[in-house]
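Engineer: Predicted model and sequence below, questions to follow.
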Amino acid sequence: MKILLLSTAFHPSIGGYETAAHLLAEHLSKNNFQVKIITYTPDPNASTYVFEVIRQPSLQQFLSTLHWCEVYIQFSVSLKGIWQLLFIPRPLIVTHHNWMINKKNDWKGYIKKLVANFALNIAVSHAIAAKVPIGKGKFVIGSPYQDDIFKKITDFKKKDKTLVFLGRLVSEKGADVLLNALNILKKRHLTPDTTIIGSGPEIDNLKTITENFNLTQQVTFVGVKKGAELVNLLNQHKIMVVPSLYHEPFGIVALEGIACGCMVVASQYGGLPDAIGNCGRTFPNGDAEALANVLQELLENEENYRHFQENAPQHLKNFTQTSIGNAYIRLLHEKFVKNEK
């Protein structure tokens, strides 16, 4: 089967969306599908893959590739890549990695929702699925994490660090909520060491908050970490905190933490509960006191960790590249292959 994937952002751009597109294309290619990706992300290094990547295509390139394919998959609705179906109709699958309508009077969001009515829809979480039209079918298939990279290499009893935050330092990721929770815990005579991994426009503000709360002795900002260095660092920590203020569509970062032996404490609204499953705890988005209460309970009784550690292997199996890729393959065979007979 010939598959065209449209991923407006793709490697070398970094993000869960880009990683999911790469892992799916790679898995399909290794399982006898012919795959091409169209993206608008340039790559000065001209990286090579087991599938073809067409970057910043001309209109002629786009139309010829669409004509070539048998099934067209969009990673989130792209209006830039939808009108071509009026001239070259193809079965459309949309994998929803983001909220279609983010604000009032979001006319593009309403058009995207209209497009979804004519597509087979795959949502990365139950929260996203609740906002997606049924269209020609609606399914929930999560996003994969890089299970060949993120692994448990340190026994829990040997972990020598406590809390870790991993993410871009922007306001909606809620690192300030964690700092406020640490300030509350300090007043309760609990001072867990905390590592902040990442960079972004909020870093100066977060460092100021850390100083104002007199948390500099327990909070360390280490910047961006990648690859083996990131995996080693995550493996040193017991608890990953994902305190997003907004409703995350999913949350691959939580899977990366679980895979590295962390239990996860995350915001409860949006798709994060799907990502953490039974491997962590949740608290209301933005509620620093509720976060402090959950952390206190866990810090004062390490037996809480054992239950979450035992659940991790089975939970992670649902989000490997193979598991997610095979879910797509089953759906493609069910919806399209039998119709060819």
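Structural biologist: Ah, there it is.
Engineer: do you know how far Glu18 is from Leu86?
Structural biologist: Per C-beta to C-beta, to the nearest Å, Glu18 is found 28 Å from Leu86. Every C-beta, even on glycine, is put in place using the N, C-alpha and C of the backbone.
Engineer: Quick check: which ranges of the stretch 201-341 of the chain have low pLDDT?
Structural biologist: The model of the stretch 201-341 of the chain has pLDDT under 70 over residues 338-341.
Engineer: no wait, the stretch 1-150 of the chain
Structural biologist: Applying pLDDT under 70 to the stretch 1-150 of the chain flags residues 101-105.
Engineer: What ranges does it have for its strands?
Structural biologist: Along the stretch 1-150 of the chain, the stretches classed as strands by DSSP state E, counting those that start in this stretch are 2-6, 34-39, 52-55, 71-75, 92-96, 120-123, 138-140.
Engineer: ok, His333 - contacts?
Structural biologist: Applying C-beta atoms under 8 Å, 6 or more residues apart in numbering to His333 gives no contacts.
Engineer: one more time with 10 Å
Structural biologist: Listed by C-beta atoms under 10 Å, 6 or more residues apart in numbering, the contact set of His333 reads Met1.
Engineer: Check the gap between it and Ile134 for me.
Structural biologist: His333 sits at a distance of 21 Å from Ile134 (criterion: C-beta to C-beta).
Engineer: what does Glu229 give?
Structural biologist: Glu229 is 44 Å from Ile134, by C-beta to C-beta.
Engineer: Over to Gly109?
Structural biologist: Gly109 is 18 Å from Ile134, where distance means C-beta to C-beta.
Engineer: can you give me phi and psi for the residue most central in space within the chain?
Structural biologist: When C-alpha atoms, centre = their mean is applied to the chain, the residue found nearest the centroid is Ile252 (3.3 Å). Phi and psi for Ile252, reported as degrees, to the nearest 10, are phi -60, psi -30.
Engineer: From the recorded domain assignment, give the ranges for this protein.
Structural biologist: For the chain, the domain assignment from automatic domain parsing gives the residue ranges 2-144+320-340, 156-317.
Engineer: Would you tell me which one of the ones you listed is buried the most?
Structural biologist: Greatest average neighbour count among those goes to domain 156-317 (a mean of 19), per mean count of other C-beta atoms under 10 Å.
Engineer: That one: how far from the chain's middle?
Structural biologist: Relative to its chain's centre, domain 156-317 lies at 16 Å (C-alpha atoms, centre = their mean, to the nearest Å).
Engineer: Ok, stretch 42-49 next?
Structural biologist: When C-alpha coordinates are averaged (C-alpha atoms, centre = their mean), stretch 42-49 and its chain have centres 23 Å apart.
Engineer: what's the first-to-last distance across it?
Structural biologist: 15 Å (C-alpha to C-alpha, to the nearest Å).
Engineer: Could you do stretch 220-231 as well?
Structural biologist: So stretch 220-231: terminal residues 17 Å apart, C-alpha to C-alpha.
Engineer: Residues contacting it, please?
Structural biologist: Residues lying outside stretch 220-231 but in contact with it, judged by C-beta under 10 Å, 6+ apart, are 14, 146, 149-154, 161, 164-166, 168-169, 175, 193-200, 203, 206-207, 210, 232-234, 256, 259-260.
Engineer: Could I get the full set of helices for the stretch 201-341 of the chain?
Structural biologist: Residue ranges of the helices in the stretch 201-341 of the chain, as given by DSSP state H, counting those that start in this stretch, are 203-212, 227-235, 252-259, 272-276, 288-299, 303-317, 321-332.
Engineer: Packing partners of the first one?
Structural biologist: Put plainly, it is helix 203-212. Using 3 or more C-beta pairs under 10 Å, 6 or more residues apart in numbering; DSSP states H and E as the contact test, the elements touching helix 203-212 are helix 175-187, strand 194-197, strand 219-223.
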